[in-house]
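Novice: can you look at this prediction? I've put the sequence above it.
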Amino acid sequence: MTATVHVEIERKYDVDGQASLPRLNGVGGVAQVRYRPPMSLEAIYFDTTDRDLSANSVTLRRRTGGTDAGWHVKIGRGDRRLELQAPLGKDEALDIVGGSVSVTVPEQILDLVRAHVRSKTLIPIARLNTLRSVVDLMNAQGRRLAEVSDDQVAAMAVGLRTESRVQHWREWEVEIIDADLVSALVGSTDPFLDAVGTVLESAGARPSASGSKVEKVVGRAADPLDPNAPLRDSENPGPDVGQPDVRAVLTATVRAQVQKLKGWDPLVRRDVEDSVHQYRVCCRTLRSTLQTYSALLEQERSSEVIKDLKKLGTLLSTARDAEVVRDQVKDKVAALPGGKNGPVAAMVPGKTVKRLRDSKASAYEAAHAKLVKRMRSDWYFEVLDRLDAFAADVPMNSEHPDLAADERVDAAHAMVPLAAEQVDSVLALAASVGSEDDPAHRIELMHDVRKEAKRLRYAVKAVQDATGLDLGAELVDRMKTAKKLQDVLGEHRDSVMFQEHVAETAKVAGRKGEDTFGYGLLFATEFTVQERTERKAAALVDQLAGSEAPSEPEPSPQPEPSSPPDEDGAGIH
């Protein structure tokens, strides 16, 4: 088995030992079934003594037997979990003496859980032996849609101060094998799982209350940074019934973002598609939240976290920028008049396209390697420690007028004016763009407008997603407009940076005696993109300001491409 990453979509059911697995032909579009011979599986589960993996919804096991023997890291709970796998090492030693287990977690697996484990030691916590019988559910062409596993389990806790008696149970597990095939049959995976689940329950199965087998043995550890924990305070209701407290809202918002950030960590290390982008979004969202509502927070500690996030964002920006420009190349050729097979695209040699893409691919690989190296450093784990400490006890500004009395404060009352100030910041910057005559500086200011619009959107959306807080229709509408403005200016920024890449690469190609006409075509085409996005941006700024009749300015003179630095680097998204 090679190292893989996939989304596991499954449902588990508890079942009595004498129940018979029902026939599933015709259920959810299943055309035929295939019964496989029983197989024996043995799994050792690992965690720290503090149960850090369990608290963060991460499962780590070493499995032998069956078709997927190897190391498995599962992230998340519920029907859908992300699963990362790696094969067993050739020289791995597993010692089992008198019920005790000794095995060393390989470095490539340990790396995937470092965000939670850090310097702590992983130890075996449970040992499971499973006799598994599998039924393949297939379509009319004999392709596997899903599988139903009938598991008879014997398990015991190991290495923990807990009762180590052997537990026995039986469970049925339905796992989607090909989500695309299932969706083509019934629209999505949920109706399929519902249909199969209905038949299983009619045969005596009950939806499992445990998210995984190991939870049945050692239980589920509580998450000390649970985003929902601080939102309930029945003994100390808010100033108005049903109105959440600002401290609770900020705590839940910060915790949710820290949780997401750590969730993307292993995917960045594995270089999973779009993971660098999503990790960067988490960093920026958390930073935007702390900056926008800074008046409510204790300055010294929040500034320290903002500084950490900015440094981390700089590392992410270098890789992300190279990734975006790399992925733009073929799309830019296809966007030429007449399309990718048209006469204009035919004037761009294949060698030109290859050089444009390959140079950014190399830049991305180098930047990603540097990023991961830093993510394995003491500095990075110290940053995570500070984030956890901050999220555990979000420090409030006791000198703020609304907070000085040490009473619960209506979150919307305290937060909406601060978000409105962010709208004013966007508008002030946008006004300076309109009066700027220097083309290069104009581009810098447009990028600043985009960053401020993004900060507004992130700060509002993070609160809504984490808590559902009603911030008022006007602010929500402005946030939606800010999203459109961010997207339009993002397209403008992408265009400028692609143009810069074309110009720089053309110089290299010219020195090597290559034809550079194709570079000129691609370079010139971007002026049209920039003119169009500037007009759209101006109209959206008017809309954000509340103007009834947005106007579109005359196209501005186009500048020579420049490379203004992002606040995190030279960012695109």
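Specialist: Here it is on my side, so go on.

Novice: adjacent strands (with direction) for the longest strand belonging to the chain?
Specialist: In the chain, with assignment by DSSP state E, the single longest strand is strand 123-138. When pairs are called by DSSP bridges, strand 123-138 turns out to pair with strand 32-35 (antiparallel), strand 39-47 (antiparallel), strand 144-157 (antiparallel).

Novice: restrict that strand to CA atoms and write it as CSV.
Specialist: Backbone C-alpha positions of strand 123-138 (Å, rounded to 0.1, in the frame of the first residue of the first chain) are rendered in CSV as follows:
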residue,chain,number,x,y,z
ILE,A,123,1.8,5.1,23.4
PRO,A,124,-0.5,2.1,22.6
ILE,A,125,-3.9,2.6,24.2
ALA,A,126,-6.0,-0.3,22.7
ARG,A,127,-5.7,-3.5,20.8
LEU,A,128,-8.5,-4.8,18.6
ASN,A,129,-8.9,-8.2,16.8
THR,A,130,-11.6,-8.2,14.2
LEU,A,131,-13.1,-11.1,12.1
ARG,A,132,-14.5,-9.2,9.1
SER,A,133,-16.9,-10.4,6.4
VAL,A,134,-17.4,-8.0,3.5
VAL,A,135,-20.3,-7.7,1.1
ASP,A,136,-19.5,-5.6,-2.0
LEU,A,137,-22.5,-3.5,-3.3
MET,A,138,-22.1,-3.0,-7.1
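
Novice: mind checking the SS state of Asp16?
Specialist: Under DSSP: H, G, I helix; E, B strand; the rest coil, Asp16 falls in the coil class.

Novice: how close does it get to Ala203?
Specialist: Distance of Asp16 to Ala203, given as C-beta to C-beta, to the nearest Å: 10 Å. (Each C-beta comes from the backbone N, C-alpha and C, glycine too.)

Novice: swap in Asp190?
Specialist: Distance, Asp190 to Ala203, using C-beta to C-beta: 21 Å.

Novice: and Ile123, which of the strands paired with strand 123-138 is closest to it?
Specialist: Closest to Ile123 of the strands paired with strand 123-138, according to C-beta to C-beta: strand 39-47, at 6.6 Å.

Novice: identify each buried residue in that closest one, please.
Specialist: Within strand 39-47, the residues that count as buried by 16 or more other C-beta atoms under 10 Å are Leu41, Glu42, Ala43, Ile44, Tyr45, Phe46, Asp47.

Novice: what lies in contact with it?
Specialist: Here strand 39-47 makes contact (C-beta atoms under 8 Å, 6 or more residues apart in numbering) with 53-54, 59-67, 94, 101, 103, 105, 122-132, 134, 158, 213-214, 217-218, 221.

Novice: apply 6 Å and report the result again.
Specialist: Here strand 39-47 makes contact (C-beta atoms under 6 Å, 6 or more residues apart in numbering) with 53-54, 60-66, 101, 122, 124-132, 214.

Novice: please apply the same query to stretch 138-151.
Specialist: If you take C-beta under 6 Å, 6+ apart as the criterion, stretch 138-151 is touched by 21, 31-32, 130, 132-137, 171-178, 181-182.

Novice: out of these, which are buried?
Specialist: Buried positions within the contacts of stretch 138-151, assessed by neighbour count (16+ other C-beta under 10 Å), are 21, 130, 132, 134-137, 171-176, 181-182.

Novice: what's the most distant pair in those residues?
Specialist: Thr130 and Leu181 (26.8 Å).

Novice: could you pick out the longest helix of the protein?
Specialist: Ranked by residue count, the top helix of the chain under DSSP state H comes out as helix 473-511.

Novice: quick one: low-confidence ranges for the chain?
Specialist: Within the chain, the ranges that satisfy pLDDT under 70 run 1-2, 91-102, 160-164, 230-243, 406, 547-573.

Novice: just the strands from the protein, written as ranges.
Specialist: 4-14, 32-35, 39-47, 58-64, 70-75, 80-86, 95-97, 100-102, 123-138, 144-157, 167-176, 206-207.

Novice: give the residue farthest from the middle of the protein.
Specialist: In the chain, counting by C-alpha atoms, centre = their mean, Gly513 sits farthest out from the average C-alpha position, at 43.7 Å.

Novice: phi first, then psi, for that one.
Specialist: With angles defined as degrees, to the nearest 10, Gly513 sits at phi 80, psi 20.

Novice: give the contact list for it.
Specialist: Taking C-beta under 6 Å, 6+ apart as the definition, Gly513 has no contacts.

Novice: swap in Ala31?
Specialist: Residues in contact with Ala31 (C-beta under 6 Å, 6+ apart) are Asn139, Ala140.

Novice: what's the spacing between it and Gln141?
Specialist: Ala31 sits 8 Å away from Gln141 when distances are taken as C-beta to C-beta.

Novice: now Pro37
Specialist: Noted for Pro37: a distance of 24 Å to Gln141, by C-beta to C-beta.
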